[in-house]
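# what's the 3D shape of this:
(4 chains)
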Number of protein chains: 2
Amino acid sequence: MSTMSRDELSRVGLQLLNTHGLADVSMRRVAKELDVAVSALYWHVKDKQSLLGAVVDRLLASVDFGPPSGAWRTDLTARAEQLYETLLTTRDAAELAASALALGTGGEAMRRALAEVSPNDTTTDAVMALLIGHATLHQQRLQAQAIGVDVSGTTSATFRQVLDLLTKRV
Amino acid sequence: MSTMSRDELSRVGLQLLNTHGLADVSMRRVAKELDVAVSALYWHVKDKQSLLGAVVDRLLASVDFGPPSGAWRTDLTARAEQLYETLLTTRDAAELAASALALGTGGEAMRRALAEVSPNDTTTDAVMALLIGHATLHQQRLQAQAIGVDVSGTTSATFRQVLDLLTKRV
DNA sequence: ACCTGAACACCGTTCAAGT
DNA sequence: ACCTGAACACCGTTCAAGT
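Presented below is the predicted three-dimensional model:
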């Protein structure tokens, strides 16, 4: 009677991600939140990676890109920055997305959104890599600053600078 | 009498990484390999992340860069490709390095090696991001191909192409 | 079709106690 | 200084059994 579904699982998963971080998005935690047995989850979802993939997809679905303007450089930059912001804004989202992408269990919407306004595949790949890589590295700054630690010698360029370098405008 | 040391731990860790993958580099597994109690490890190492950081550092120490030639584009490309190869050659190395870099627990040698031959910080940051991002995404291809699954719509550009795009040669 | 309960084989970390 | 043993609080996954 709990109307449990794959969609419901990813909702709870995303909520746990936001409030407690990736470490707390466990099968047991999600089950507890839904007040069901852990084993019940496996009826709706293949395994944990598949659940995490659904969480990434739900997160990406919340990003609203709007229609392309026609100027690819503008569109690509705008979309990349929107995605970058989402990855940094949501707790542990960069790590989550990276792993989903690496395992092929989610996050395809990201690549699709970029490919739609990209002039060619190589550029799409480059922006994807930059996005994932820079977001991953940015974590260190946040982490370090939070503890009040020396931050010199770590990633300092903004995503925008790096993106401009790639699209040849600097 | 077992000559256990921080260095020894990272040696065993790297060996486990190569032979069994990241999932098997656990405190308990390393302890078993050394034939000591798990708790003994905590005398030599703060926690698991610190052990993994030491493993990354050991891996990077095995890369031999050679002195700079003077032409930054050549040097930067060469070093980036060497690092890229290392990340792809060693099992789960991309994921491991990404997490160590993100948490600030290891991998600084990577950034140092690139900065040494890079014209400016923004370029260093860009190459770092590309390196981590592209290596992460590349995993999907390997994973997918291993299971004989459709690989279209995934990262297809080589690291070299993407790197050339960044250093403006295409 | 959908869910429970119990079990299996693991985790990281702490800490008193030993030598 | 360095290590053991035991405990604590967790994991993901499977599977017979229930409704």
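# From now on I want contacts and neighbour counts done on CA atoms only, so please keep to that.
OK.
# pull the helix or strand with minimum mean pLDDT from chain A.
Across the helices and strands of chain A, mean confidence by mean pLDDT, DSSP states H and E is lowest for helix A:121-146: a mean of 88.
# same for that one, what does it pack against?
helix A:72-89, helix A:93-103, helix A:108-115, helix A:159-166, helix B:93-103, helix B:121-146, helix B:159-166 (3 or more Cα pairs under 8 Å, 6 or more residues apart in numbering or on different chains; DSSP states H and E).
# Those: which one's closest to DNA strand C?
The closest of the helices and strands packed on helix A:121-146 to DNA strand C is helix B:93-103. By Cα to the nearest atom of the strand, the value is 12.8 Å.
# Could you confirm whether that closest one reaches chain A?
Yes: against chain A, helix B:93-103 shows contacts by Cα under 8 Å from any Cα of the partner chain at B:98, B:99, B:101, B:102, B:103.
# ok, back up a step: now the helices and strands packed on helix A:121-146 in a markdown table, with mean neighbour count?
Below are the helices and strands packed on helix A:121-146 laid out as a markdown table (neighbours: other Cα atoms under 10 Å in any protein chain shown):
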| stretch | mean neighbour count |
| --- | --- |
| helix A:72-89 | 18 |
| helix A:93-103 | 24 |
| helix A:108-115 | 18 |
| helix A:159-166 | 19 |
| helix B:93-103 | 24 |
| helix B:121-146 | 22 |
| helix B:159-166 | 20 |
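# Which among those is found nearest to DNA strand D?
That would be helix A:93-103 among these, by Cα to the nearest atom of the strand, at 12.7 Å.
# So the closest one, near DNA strand D or not?
No: figure legend: helix A:93-103 not in contact with DNA strand D (Cα under 7 Å from any atom of the strand); closest approach 12.7 Å.
# residues in contact with residue A:132?
A:94, A:97, A:98, B:129, B:132, B:133 (Cα atoms under 8 Å, 6 or more residues apart in numbering or on different chains).
# For it, give its distance to residue A:65.
For residue A:132, the distance to residue A:65 (Cα to Cα, to the nearest Å) stands at 18 Å.
# now do residue A:79
Taking Cα to Cα, one finds residue A:79 at 7 Å from residue A:65.
# what residues do the two have in common as contacts?
residue A:113.
# so what are the domain limits for chain A?
Domain assignment for chain A by automatic domain parsing gives A:6-58, A:66-168.
# Can you tell me which of the ones you listed has the worst average pLDDT?
Mean pLDDT per stretch puts domain A:66-168 lowest among the domains of chain A, at a mean of 90.
# from the chain's centre, how far out does that one sit?
For domain A:66-168, the separation from the chain centroid amounts to 9 Å (computed by Cα atoms, centre = their mean, to the nearest Å).
# Could you do stretch A:37-45 as well?
24 Å.
# Alpha carbons only: can I get it in PDB?
Output in PDB follows, covering the C-alpha atoms of stretch A:37-45 (Å, rounded to 0.1, in the frame of the first residue of the first chain):
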ATOM      1  CA  ALA A  37      12.400  -4.000   4.200                       C
ATOM      2  CA  VAL A  38      15.700  -3.500   2.400                       C
ATOM      3  CA  SER A  39      15.000  -6.500   0.200                       C
ATOM      4  CA  ALA A  40      11.800  -4.900  -1.100                       C
ATOM      5  CA  LEU A  41      13.900  -2.300  -3.000                       C
ATOM      6  CA  TYR A  42      15.300  -5.100  -5.200                       C
ATOM      7  CA  TRP A  43      11.900  -5.600  -6.700                       C
ATOM      8  CA  HIS A  44      12.000  -2.100  -8.200                       C
ATOM      9  CA  VAL A  45      15.700  -1.700  -8.900                       C
END
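# Not counting it itself, show me its contacts.
A:5, A:6, A:27, A:28, A:31, A:32, A:51.
# Which residue is the nearest non-sequential neighbour of residue A:24?
residue A:16 (6.6 Å; Cα to Cα, 6 or more residues apart in numbering or on different chains).
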